[in-house]
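**Q** With the sequence up front, the predicted model follows.
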Amino acid sequence: MEVKLSAIDLSKYQLTFDDEFNTRSISQTGNGTTWADIRPQWRFDANSDIGFGNSSFVDPSSGYDPFKVSNGVLTITAVPDRTGSGYPGAWESGLITTQGHFSQTYGYFEIRADFSNLAGAWDAFWLLPDHVIADPYNAGHWQELDVVENYGSFERGVYSGIHTTDAAPNQNWQQNLQVYSELPQPAGFHAYGMDWNEDTIGFYVDGQLVGTKPTPSDMHGPMYLLANLATQNDIHNNADIAKVPISSQIDYIRVYSHHPETGGAPPPSSTIGTGPDKLVLSISEDAYLGDARYRIEVDGTQVGGIQTAHSLHGSGQTDQLLVQGDWTHGSHDVAVTFLNDAWDGTPTTDRNLYLEGASYDGTDVPDATHALMGVSTFHFHVFDV
């Protein structure tokens, strides 16, 4: 699929992830919530992520809570070193990530945010791979997709780009892998998007295409989401001069998959969990006053966060949820729990969840269809050989 239009047309996409920040769903690990606030590989102490720039990312259990959700907006506030958590002397701020709970290959990824214009602010919405591919040239490169980076001292600038281990484009990174644009009116909320395809990656600001780059060879696997407010003490963007709290606001983060253009089984809409075993669930819903929400458990352990259904029952389409794990040989119990039933007395004012089928490691699972017409749990079994 090649980006040809200057404006994104989301009628060609299916929503697979959506946080409107009407409620707060953040925890240290992300278990049972939409977001985690500490990256496990970068944990610094019991309550913080080492961070980057001149800031650590802290969980509220540190004694400072960098997050506030109000009126459908997540506010992240960075403050000078306040608690015993985090790197000594670093600012304390917040990061959210879906690592280990939601990831996707290809699609449209968008954040609507009002980034800070204070000196030292370093806002970002970006993606990292579930499975890192080592740099074959030992040149210090890695895989990363930056939907947007924004710096408080130059709020007009929108920096988007690609990090890859491919040697050729790295010979001139700014020319081959970065897309730079400017906001004519930087104040207020703006939407920053990325359309990631097999052949091209296009970057958007307020729905308009601002640049396209070829997709590198190591950008064809699932990637998870991160959003954060970091700080810098750079000569051109220094939070330590004023040392006042810095806040940024996020209205929503949404992810879409491309509609399948050919017949056959659709690709997974989203992925939760990690591991070599693959359980694919086909999910649909009756939507009424909002989408159906549910959770998945295997052998009593929840995998990923709370999920949201999007495909309408009877439309011929289903959400394809890939649940990954490393399960031992033998039988395993899978539980699908419908969480938010709604009914106002008629078939058209009823919210329901449907499990349309399942496969395990490529084999169809018998008796894995069920209509959940109220808050309830449906169990079925898979067998690992």
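**A** Yep, that arrived.

**Q** which stretches of the stretch 251-385 of the chain have low pLDDT?
**A** 259-269 (pLDDT under 70).

**Q** which residues of it fall in helices?
**A** Secondary structure of the stretch 251-385 of the chain, counting by DSSP state H, counting those that start in this stretch: no helices present.

**Q** so who does N22 touch?
**A** Neighbour list for N22: 69, 72 [criterion: Cβ atoms under 8 Å, 6 or more residues apart in numbering]. All C-beta atoms are positioned from the backbone trio N, CA, C, and that covers glycine.

**Q** Spell out the secondary structure type for it.
**A** coil (DSSP: H, G, I helix; E, B strand; the rest coil).

**Q** how much space between the residue most central in space within the chain and F102?
**A** Taking Cα atoms, centre = their mean, the centroid of the chain lies closest to L225, which sits 3.1 Å from it. Look at L225 and F102: by Cβ to Cβ, to the nearest Å, they are 7 Å apart.

**Q** So for these two, which residues contact both of them?
**A** With Cβ under 8 Å, 6+ apart as the test, L225 and F102 both reach 17, 255.

**Q** just checking, I38 touches Q28?
**A** Yes - with contact defined as Cβ atoms under 8 Å, I38 reaches Q28; the gap is 5.2 Å.

**Q** okay, the two: which has more neighbours?
**A** Shown here are I38 and Q28; by other Cβ atoms under 10 Å, I38 has more neighbours (24 against 18).

**Q** beta partners of the closest residue to the more buried one other than its chain neighbours?
**A** The shortest distance from I38 to any residue other than its chain neighbours is 4.5 Å, reached at D49 (Cβ to Cβ, 6 or more residues apart in numbering). Applying DSSP bridges to D49 yields these beta-bridge partners: R43, F57.

**Q** Quick check: T23 touching N71?
**A** No - at 11.8 Å, T23 does not count as touching N71 under the criterion of Cβ under 8 Å.

**Q** Which strand runs longest in this structure?
**A** strand 246-258 (DSSP state E).

**Q** List the contacts of stretch 340-349.
**A** 288-290, 292-293, 350-352, 373-375.

**Q** Might you report the residue contacts of L353?
**A** So L353 contacts 283, 285, 292, 294, 309, 336, 338, 371-372 (Cβ under 8 Å, 6+ apart).

**Q** Hmm, I typed the wrong one, I wanted Y106.
**A** Per Cβ under 8 Å, 6+ apart, neighbours of Y106: 196-198, 257-258.

**Q** Just give me the closest of the residues you listed to Y204.
**A** W196 (11.5 Å; Cβ to Cβ).

**Q** Low-confidence regions, the stretch 1-150 of the chain specifically.
**A** In the stretch 1-150 of the chain, residues with pLDDT under 70: 1-6.

**Q** May I have the phi/psi pair for G140?
**A** Dihedral pair for G140: phi 80, psi 20, per degrees, to the nearest 10.

**Q** Tell me, how many residues neighbour G275?
**A** G275 sits with 11 neighbouring residues when counted by other Cβ under 10 Å.

**Q** Surely N170 is within a strand?
**A** No - N170: not assigned to a strand; according to three-state DSSP it is helix.

**Q** Please tell me I have it right and it contacts A139.
**A** Yes - if you go by Cβ under 8 Å, N170 and A139 touch, sitting 7.0 Å apart.

**Q** of the two, who's got more company?
**A** Each of N170 and A139 has its neighbours counted (other Cβ under 10 Å); N170 has more, 19 against 9.

**Q** that older thread, now for the residue nearest to the centre of the chain: which residues touch it?
**A** Taking Cβ under 8 Å, 6+ apart as the test, what L225 contacts is 17, 97-98, 102-103, 109, 125-127, 253, 255.

**Q** How about the contacts made by Y294?
**A** Counted by Cβ under 8 Å, 6+ apart, Y294 has contacts 283, 306-307, 309, 336-339, 353, 372.

**Q** end to end, how far does stretch 92-108 reach?
**A** With Cα to Cα, to the nearest Å as the measure, stretch 92-108 spans 31 Å from end to end.

**Q** That should have said stretch 313-326, apologies.
**A** Distance between the boundary residues of stretch 313-326 (Cα to Cα) amounts to 31 Å.

**Q** G100: helix or strand, and which one exactly?
**A** For G100, there is no host helix or strand (DSSP states H and E).

**Q** what's the burial count for it?
**A** Neighbours of G100 (other Cβ under 10 Å): 21.

**Q** That one touches T274, doesn't it?
**A** Yes - the criterion here is Cβ under 8 Å, and G100 meets it with T274 at 6.0 Å.

**Q** quick one on the thing from earlier: which of the contacts of stretch 340-349 lies closest to S85?
**A** Nearest to S85 out of those is R293 (Cβ to Cβ; 32.0 Å).

**Q** How about the contacts made by the closest one?
**A** Contact analysis of R293 by Cβ under 8 Å, 6+ apart lists 306-309, 338-340.

**Q** Now that we have those residues, which of them are buried?
**A** Buried subset of these (neighbour count, 16 or more other Cβ atoms under 10 Å): 306-309, 338.

**Q** which one of those residues is nearest I8?
**A** T308 (21.2 Å).

**Q** Who does that closest one form a beta bridge with?
**A** According to DSSP bridges, beta-bridge pairing links T308 with R293.

**Q** now it: how far from F57?
**A** T308 is 26 Å from F57, by Cβ to Cβ.

**Q** Over to L353?
**A** L353 is 34 Å from F57, by Cβ to Cβ.

**Q** what does the domain assignment say about the chain?
**A** According to automatic domain parsing, the chain comprises the domains 10-258, 270-384.

**Q** Quick one: end-to-end distance for stretch 174-189.
**A** 26 Å.

**Q** Now do it: everything it contacts.
**A** 112-114, 117, 155-164, 168-170, 190, 203, 205, 210-213, 249, 251.

**Q** let's see it at 7 Å
**A** 112-114, 117, 155-162, 164, 169, 190, 203, 205, 210-211, 213, 251 (Cβ atoms under 7 Å, 6 or more residues apart in numbering).

**Q** Mind checking which of the residues you listed land in strands?
**A** 112-114, 155-162, 190, 203, 205, 210-211, 213, 251.

**Q** Perfect, I'm done here.
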